[in-house]
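Q: predicted model and sequence below, questions to follow.
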Amino acid sequence: MHGGKAAGILWGEETRKGAGGMEQKGWPAVTVLRLADYDRERTEAAVERLFCSWPGAASLRRETKVTIKPNLLMARSPDQATTTHPAVVAAVAAALRRRGVEQITVADSPGGPYTAAALRRIYRACGMEELCGVTLNLDTAWGSRKAKPGSLAEEFHLIQPILEADVVISVGKLKTHGMTTLSGGVKNLFGCVPGLQKPELHYRYPTLDAFSQMLLDLAETVAPAFTIVDAVSAMEGNGPSGGTPRQVGLLAGSTSPFALDLVLADLIGLGVEDVATLRHSLQRGLIPRSAAQLQTDGDPYEKIADFRMPASKALDFSSHMPGPVRPLVRWLRRRVTPRPVIRRERCVGCGKCAESCPAHTIAVKEGKAVIDYRRCISCFCCHEMCPVRAIEMGRKWGRGRAED
């Protein structure tokens, strides 16, 4: 047993008992709670409320192996809002211990090589070393799990703590994202893929639609029993690492990462058509057409009208144009679609961008990174992994060529 399947979770429409014991169709509930800051007591109280909303929490036992999967993208301090705050992870661990669970592992495969040394450095920077009563994973072994029939991939390579867990609890971070627009519950599970195998998946699924469908396949394969997203301090703008912190003051949880992402998108002003993973979730019957059709429990909250989107966000308006001009619109869109641009004055020549580039289009020459745009797939992995924010999202007119 593993992940959500261990707890009997049903994603998409599920049958519930309504008034008088009559069966009725519904969707997985999403609980949204107000949390103004990361004060330990207040954070623990909020996470405990989320656990009380999760039916699977009642089945946890002393011998249950639980893996907490946070978002630990890179070595950043918690105040930069790039990674899941350690106070939220600590509160999840405390809620598990209150239910008698003894085997709690915190595990993620951040960007870059998947090595014990890299993990130690990231745990230290992200504040995870201060956690008590958990095991910080340093085992870099991985294995395979078959995907469900009909998935783009026959199997996924996953880090060992995910494969060995009876229950996976995903604890993500609300951020905008240069490629997928939204990073929340579904995107957080990409960190279950070991190390530099993540850029390989970018290369195998280079278009946004294919990559987003792969992310949904991955989410259904990992099948987290419960998903929590830290939106106390979120990231807006050019996320997932180049944006700026935005105080939102919310913590959200659900048995369905897909339904949770729909609510998070609605919170920051995005609809189903704005986020490819949501669009394909709708087509698969995993979510309704709008967040208003979901049961939202917890505290009242206000939507954010001015949450800044990444510079790469561009709506595909070609489908609304007359047939004869659609090719021209698509051609124009390809020319104005943002691409990564290296600011040479900031570049330190560390090579992290070249290391993470799935298409191998980046080289370090004379101490500075250079992009060959003829093969760039605009996945923004380089932007995501640059430690000094030397790579921005810009527009490159004309035919692709090597950067000057």
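A: Thanks, I have it.

Q: can you count the residues close to the closest residue to Gly172 other than its chain neighbours?
A: Distances taken as CB to CB, 6 or more residues apart in numbering put Asn188 closest to Gly172, at 3.3 Å, once the chain neighbours are dropped. (C-beta placed from N, C-alpha, C; glycine too.) Counted with other CB atoms under 10 Å, the burial measure for Asn188 works out to 29 neighbours.

Q: just how off-centre is stretch 44-53 within its chain?
A: In this view, stretch 44-53 has its centroid 21 Å away from the chain centroid, taken as CA atoms, centre = their mean, to the nearest Å.

Q: quick check: end-to-end length of stretch 45-64?
A: In stretch 45-64, first residue to last residue: 23 Å (CA to CA, to the nearest Å).

Q: can we start the residue count at 111 from this point?
A: Yep, numbering from 111; the last one is stretch 155-174 now.

Q: which positions within it qualify as buried?
A: Buried residues in stretch 155-174, counting neighbours by 16 or more other CB atoms under 10 Å, are found at Ala156, Val157, Arg159, Leu160, Phe161, Ser163, Trp164, Gly166, Ala167, Leu170, Thr174.

Q: which helix or which strand is home to the fourth one?
A: Think Leu160. When secondary structure is defined using DSSP states H and E, the element that contains Leu160 is helix 150-162.

Q: which strands and helices sit next to that helix?
A: Taking 3 or more CB pairs under 8 Å, 6 or more residues apart in numbering; DSSP states H and E as the contact definition, the neighbouring helices and strands of helix 150-162 are strand 140-144, helix 196-208, strand 336-346, strand 354-364.

Q: if we use 10 Å, what do you get?
A: Under the contact definition 3 or more CB pairs under 10 Å, 6 or more residues apart in numbering; DSSP states H and E, helix 150-162 sits against strand 140-144, helix 196-208, strand 336-346, strand 354-364, strand 406-408.

Q: so what's Val211 up against?
A: Val211 makes contact with 167, 170-176, 203, 205, 243, 276-277 under the criterion CB atoms under 10 Å, 6 or more residues apart in numbering.

Q: how far away is it from Cys463?
A: Taking CB to CB, to the nearest Å as the criterion, Val211 is separated from Cys463 by 40 Å.

Q: cool, and Ala167?
A: For Ala167, the distance to Cys463 (CB to CB) stands at 42 Å.

Q: quick one: low-confidence residue ranges for the stretch 361-510 of the chain.
A: Of all residues in the stretch 361-510 of the chain, those with pLDDT under 70 make up the ranges 424-447, 505-510.

Q: strands of that one, residue ranges please.
A: 406-408, 448-452, 472-475, 478-481, 501-505 (DSSP state E, counting those that start in this stretch).

Q: tabulate those strands (CSV), appending distance to Ser488.
A: Written out in CSV, the entries for these read as follows (distance: least, CB to CB, whole Å):
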stretch, distance to Ser488
strand 406-408, 34
strand 448-452, 5
strand 472-475, 13
strand 478-481, 11
strand 501-505, 9
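
Q: can you list these in CSV and add distance to Leu248 and mean neighbour count?
A: Supplementary listing: these in CSV, determined by distance: least, CB to CB, whole Å; neighbours: other CB atoms under 10 Å:
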stretch, distance to Leu248, mean neighbour count
strand 406-408, 36, 17
strand 448-452, 32, 21
strand 472-475, 29, 16
strand 478-481, 30, 21
strand 501-505, 30, 18
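
Q: and Gly136, which of those is closest to it?
A: The minimum distance between Gly136 and the strands of the stretch 361-510 of the chain falls on strand 406-408, with 12.4 Å, by CB to CB.

Q: next secondary structure after the host helix or strand of Thr215?
A: Under the assignment given by DSSP H and E, the secondary-structure element containing Thr215 is strand 213-216. The helix or strand immediately downstream of strand 213-216 is helix 226-236, counting by DSSP H and E.

Q: got the angle for that next one vs helix 196-208?
A: Compare the direction of helix 226-236 with that of helix 196-208 by axes from the mean of the first three to the mean of the last three CA atoms, to 10 degrees and you get 100 degrees.

Q: other SSEs contacting the helix or strand following helix 226-236?
A: Remark: after helix 226-236, the chain's next helix or strand is strand 245-246, criterion DSSP H and E. Counting contacts by 3+ CB pairs under 10 Å, 6+ apart, strand 245-246 is packed against strand 213-216, helix 226-236.

Q: so which of these comes closest to Glu264?
A: Comparing the helices and strands packed on strand 245-246 against Glu264 with CB to CB, the closest turns out to be strand 213-216 (27.0 Å).
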